[in-house]
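Novice: here you go, sequence then predicted model.
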Amino acid sequence: MQGALQLLYPPQCISCAAPVQSDFGLCADCWRDTPFIAGLVCDQCGMPLPGQDAGERALCDDCMTIARPWDRGRAALMYQANGRNLVLALKHGDRMDLARPAAAWMMRAAQPILRPGMLVVPVPLHWMRLFRRRYNQAALLSRLIARAAGLEHCPDAVSRKRSTGNQDGKSRDARFANLAGAFGVPKAREARLRDRDVLLVDDVMTSGATFAAATEALLAAGARSVSVLGLARVAKDG
């Protein structure tokens with residue numbers, strides 16, 4: 001049956017629809033154009049760093065100067081070239097099918113920061129944006145990651161208390177100011193979070209303002225620690 005289906009509907013590249021060997025894969029050209037993160041990375045934000053990975057903790061310049069409320073962080077790819085195209089297709093193009101391969105890439109990146117018994121939590125959308133988009137891409141990713149890792153998933157552990165608008169074009173300081181106090185933990189979820197290590201999942205990390213604000217809400221509700229995982233990391237200017 002599976003063979004017959006593949007004859008009728010042969011696997012296609014998830015990015016350009018060219019023929020590929022297996023479902024949910026990238027063709028050779030799209031793979032080369034997708035900037036996967038590998039090697040030495042910042043242990044807090046996942047930014048690639050120059051040098052060899054010697055197994056020691058390394059931090060980027062930003063994470064040495066900005067107080068990060070979370071413990072550790074990783075991302076699967078850079079928000080550039082085809083990486084950007086894939087994120088935008090998942091986020092705005094109704095390409096929910098991309099969540100499956102994206103979650104697999106994120107799982108590989110997350111291996112160093114996963115802990116037994118972690119609670120996997122997505123960064124939430126405001127209800128008005130969720131109504132317009134119809135799905136939260138972070139929740140799609142976090143559900144698949146929790147399932148693959150054998151961890152508990154809590155999609156409504158954090159709520160967005162107010163609409164924060166679009167962060168595009170804002171400076172780093174403006175991003176942090178805009179997100180301050182934007183998240184909360186419902187009373188009904190506090191017991192589930194108390195003394196738990198949390199893996200907080202989102203699609204993109206730019207300045208870290210969203211992750212920071214959501215982390216602060218989780219810690220205030222009693223979480224023991226928070227680590228963060230993004231699908232893509234935006235490179236800083238310069």
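Specialist: Sure thing, it's come through. Just so you know, these numbers come straight off a predicted model, no measurement behind them.

Novice: in this structure, where is pLDDT below threshold?
Specialist: Residue ranges of the chain with pLDDT under 70: 1-8, 237-238.

Novice: ok, which stretches of it are helices?
Specialist: For the chain, the helices defined by DSSP state H occupy 2-8, 28-32, 61-65, 81-92, 99-110, 127-133, 137-149, 172-179, 187-193, 209-220.

Novice: export the ones you listed to a markdown table and tack on distance to Met47 and mean neighbour count?
Specialist: C-beta coordinates here come from the backbone N, C-alpha and C atoms, glycine included. Putting the helices of the chain into a markdown table (distance: least, Cβ to Cβ, whole Å; neighbours: other Cβ atoms under 10 Å) gives the following:
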| stretch | distance to Met47 | mean neighbour count |
| --- | --- | --- |
| helix 2-8 | 39 | 8 |
| helix 28-32 | 21 | 14 |
| helix 61-65 | 8 | 13 |
| helix 81-92 | 14 | 18 |
| helix 99-110 | 12 | 20 |
| helix 127-133 | 27 | 12 |
| helix 137-149 | 20 | 21 |
| helix 172-179 | 14 | 16 |
| helix 187-193 | 28 | 14 |
| helix 209-220 | 13 | 23 |
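
Novice: can you redo the ones you listed as a markdown table with distance to Val158?
Specialist: Listed next are these as a markdown table, based on distance: least, Cβ to Cβ, whole Å:
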| stretch | distance to Val158 |
| --- | --- |
| helix 2-8 | 39 |
| helix 28-32 | 33 |
| helix 61-65 | 22 |
| helix 81-92 | 18 |
| helix 99-110 | 18 |
| helix 127-133 | 13 |
| helix 137-149 | 10 |
| helix 172-179 | 12 |
| helix 187-193 | 8 |
| helix 209-220 | 5 |
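
Novice: the ones you listed: which one's closest to Ile14?
Specialist: In terms of Cβ to Cβ, the element of the helices of the chain nearest to Ile14 is helix 99-110, at 6.0 Å.

Novice: now the angle from that closest one to helix 137-149?
Specialist: 60 degrees (axes from the mean of the first three to the mean of the last three Cα atoms, to 10 degrees).

Novice: hmm, who's touching helix 99-110?
Specialist: By Cβ atoms under 8 Å, 6 or more residues apart in numbering, the surrounding residues in contact with helix 99-110 are 14, 24-26, 36-37, 46, 74-77, 86, 90, 137, 140-141, 144-145, 148-149, 199, 201, 229-231.

Novice: next: stretch 140-152.
Specialist: If you take Cβ under 8 Å, 6+ apart as the criterion, stretch 140-152 is touched by 90, 96, 99-100, 102-104, 106-107, 110, 114, 117-122, 153, 155, 199, 201, 203, 229, 231.
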